[in-house]
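1. Structure for the following, please:
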Amino acid sequence: MRPFYSLFTVVAVLFSFCASAQTDQPNSFGKGGTLIQHDRPFRDAAAKSFNEGLAPFFHGVASGDPLEDRVIIWTRVTPETMDGSPVSVEWRMATDTALTEIVATGSFTTSSSRDYTVKVDVTGLESGTTYYYGFTAFGANSLTGKTKTTPTADAVDHLKFGVVSCSNYQAGYFNAYGALAARTDLDAIIHLGDYLYEYADFVYGSDSIWADRQVEPSTEIVSLFDYRARYSTYRLDTNLQRLHQQHPIIAVWDDHETANDAYSGGAENHQPDTEGDWDDRLNRARKAYFEWLPIRDNGEQRVYRSISYGDIADLIMLDTRIEGRDQQINDIEDPALYAADRTILGAEQKSWLFDQLSSSAAKWKVVGQQVIFSEFNVGWAGAATGASFQQTENLFLDIWDGYPAERQEVVDYISDNEIDNVVLLTGDFHSSFAFDVAQPPVDLQFREVPGVGTLPFYDPSPNYNPTTGEGSVAVEFATPSINSANFDENIDPATAFGLQAQINNPIVPAPGISLGNPNPHMKYVELVQHGYFILDIKEDSVQADYHYLPILTDSINESFGRGMYTLNGENHLNAATGPTAPKTVQDVPAPLAPPALVSAVANPDQLPGFRVLSVYPNPASEFAYLHYGLNKTMDLNISLVDINGRVVKKLEQSRKPAGLYTLASEVTDLPSGTYFYRIASGNHQSTQVLIRK
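-> Below you'll find the model as predicted:
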């Protein structure tokens, strides 16, 4: 059928962008596309880059990695003088929003060595309890955060989690985070990676909102300062701040927290000749991640771990990206792809995973991981484009399809050990999917078709019945992106909807010829919309409810997409008639403003609407970086002066719109000593110390 062929003419291009390497080179997709270079535009005059009312805790609060008797609480303090001196921050934990029913208090000393972040593992708490917490420094209070410990064995019969991944600051607004922050019945947020993206400003995203969504640094992030400043940019986003304020988070990284298509020994988007040693870059990225995320540090900076939610669920978080992954092989005809020892987990993590699955006494074994586990059959898309089956399949080997022997080993382990109720949670792909995990889901055969050539035929698998679900050993839910580009942004909506309708239905490329259904185990697919899903866990069922929101307008109005569920012991999916009901007990949300302190006094020397967020390194020997924010358009004059007030370097003299900025200054030509950034605008000025060592 000719209209069907016209769909195929763009599928290979679409697949190439969405699933293969997203390189940082310009292209010409046009408005709403990706990878376009532009000069920095002026922001809306009303836009603010930071909330001055939160000083000195501009980046909000967060909590994470809850256990029965403890939870991590987090903040970042921004001292007015960043000379490397330590800062003492007081913290408190209470059972009420006013923070009067105190259950624990303490202090934490931070400094520039950890980017002034504060992480406290608060112990001695009651299980299954909602707590509120806050911080104090420099006579001011932080926002009050809300968190929750995990329940004991038989103390819970209903859990709800928000499941998210892939938030690209320049692709749109974080509306899904805002919608989740407004919910009052969640036990935690599960973040499956790509919390941030490493690309330079105006390289990857939607140019229709770039004026309001500038990232810092404006270059690709490689150094420790770069990663820290990028986290700073993200954590000034109001929706993300509210998400962290209202819910604990359980997070793992994917590739973009370091570089695109990373593996244990490198990444597609890492060039050693210009960006240095991979291990050095990875260590810097890891350090920044553990500084800025409320994740418990086990001393080895590993992210795979398990968290028990009573006897109803064990949450098993994996690292399929960095820990043990072999380099991608983007060729299905390479015998090495099928080697028995080829791994995405690494031997140690795989052994740990199998032990977790076997030893779990919980009803549901929930495995959070980064990339699609189930077979993703796309070779058929090359049939009418001139691209071969092999060329098309080669584009999708960053997922578990690129590690088939180990995937089979995991499936066999679940099956051979009769482990029921395994639920896989997946991010990375930017689109929504729900799968029966069957291996194989189809019997792939190649046949010669007269007048056409050799075509792939997807015959029914003897090991899986897509109608009854028999043969499925687990289920998999893949979350849409918060806002990172998917199929409609990369090509066009019509093509995306066409592919969405075809990818898990019988393919009829010409009258009288049916290739079969390439993905009968794919029970739900949505390739266009962005959002999240709610994972609802009860004794007898687990359901994923998919919710979608706009990304190019600032709105948390959402729509319900689909609910997919599995029943206890069945290990396959069914379509729900609607979303699950809210939990019967709702939490009281944390207040939207910090508690006031009488002793909090504004510094008259601060330049109104201007704030230094970081000076790094300090002391400096080669380059110094000044990371700052503007809440309004200013005529800025920034100089470096010595202790006598003599200007030694003129650094910046220009009109700047509201936004976040990084100013790099070489200091190798300066004698050792104390200097000051002098930032002036109109009749106001502010200073910041810099030590040249």
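2. ranges for the helices of the stretch 351-500 of the chain?
-> Taking DSSP state H, counting those that start in this stretch, the helices of the stretch 351-500 of the chain run over residues 389-393, 404-416, 487-490, 493-502.
3. Which elements pack onto the shortest one?
-> With contacts defined as 3 or more Cβ pairs under 8 Å, 6 or more residues apart in numbering; DSSP states H and E, the secondary structure elements packing on helix 487-490 are helix 2-19, helix 493-502. No exception for glycine: its C-beta is placed from N, CA and C like everyone else's.
4. got a list of contacts for stretch 81-93?
-> Residues outside stretch 81-93 that contact it (Cβ atoms under 8 Å, 6 or more residues apart in numbering) are 73, 75, 77, 79, 99, 102-112, 116, 118, 120, 122, 125, 131-137, 612, 614-615, 618-619, 688-689, 691.
5. I figured Val61 was touching Trp74, is that so?
-> Yes. At 6.6 Å, Val61 and Trp74 qualify as touching, with contact defined as Cβ atoms under 8 Å.
6. Which of the two has more residues huddled nearby?
-> Shown here are Val61 and Trp74; by other Cβ atoms under 10 Å, Val61 has more neighbours (28 against 25).
7. what are the ranges of the helices in the chain?
-> With DSSP state H as the criterion, the chain has helices at 2-19, 175-181, 224-235, 238-246, 272-275, 278-292, 347-359, 389-393, 404-416, 487-490, 493-502.
8. tell me how far stretch 167-187 is from the chain's mean position?
-> Stretch 167-187 has its C-alpha centroid displaced from the chain centroid by 11 Å (Cα atoms, centre = their mean, to the nearest Å).
9. same deal with stretch 125-137?
-> Worked out by Cα atoms, centre = their mean, stretch 125-137 lies 25 Å from the chain centre.
10. now do stretch 486-506
-> Here stretch 486-506 is found 24 Å from its chain centre; the criterion is Cα atoms, centre = their mean.
11. For it, buried residues please.
-> Neighbour counts over stretch 486-506 (16 or more other Cβ atoms under 10 Å) mark 486-491, 495-496, 498-500, 502-504 as buried.
12. and which of the residues you listed is nearest to Phe396?
-> Using Cβ to Cβ, Ile503 comes nearest to Phe396 of those, at 12.2 Å.
13. what about the spatially most central residue of the chain, distance to Cys166?
-> Nearest to the mean C-alpha position of the chain, counting by Cα atoms, centre = their mean, stands Tyr195 at 2.5 Å. Distance from Tyr195 to Cys166, counting by Cβ to Cβ, to the nearest Å: 9 Å.
14. now swap in Ala581 and tell me
-> To Cys166, Ala581 is 28 Å away according to Cβ to Cβ.
15. related to what we said a few turns ago, sort out for me which of the contacts of stretch 81-93 are in strands.
-> Among these, the members falling in strands (DSSP state E) are 73, 75, 102-110, 118, 120, 122, 131-137, 612, 614-615, 688-689, 691.
16. Derive a ChimeraX selection command for the buried subset of those residues.
-> Buried members of those, defined by 16+ other Cβ under 10 Å, are picked up in ChimeraX with:
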select :73,75,103,104,108,110,118,120,122,131,132,133,134,135,136,137,612,614,615,688,689,691
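17. OK, contacts around the spatially closest residue to Pro460 that is not a sequence neighbour?
-> Using Cβ to Cβ, 6 or more residues apart in numbering and skipping residues adjacent in sequence, the residue nearest Pro460 is Asp443, 6.6 Å away. For Asp443, the contact set (Cβ under 8 Å, 6+ apart) comprises Tyr458, Asp459, Pro460, Ser461, Pro462.
18. Let me see the contact set for Thr144.
-> The neighbours of Thr144, taking Cβ under 8 Å, 6+ apart as the test, are Val61, Thr97, Leu99, Tyr132, Tyr133, Gly134, Gln245, Ala590, Pro591, Pro594, Pro595.
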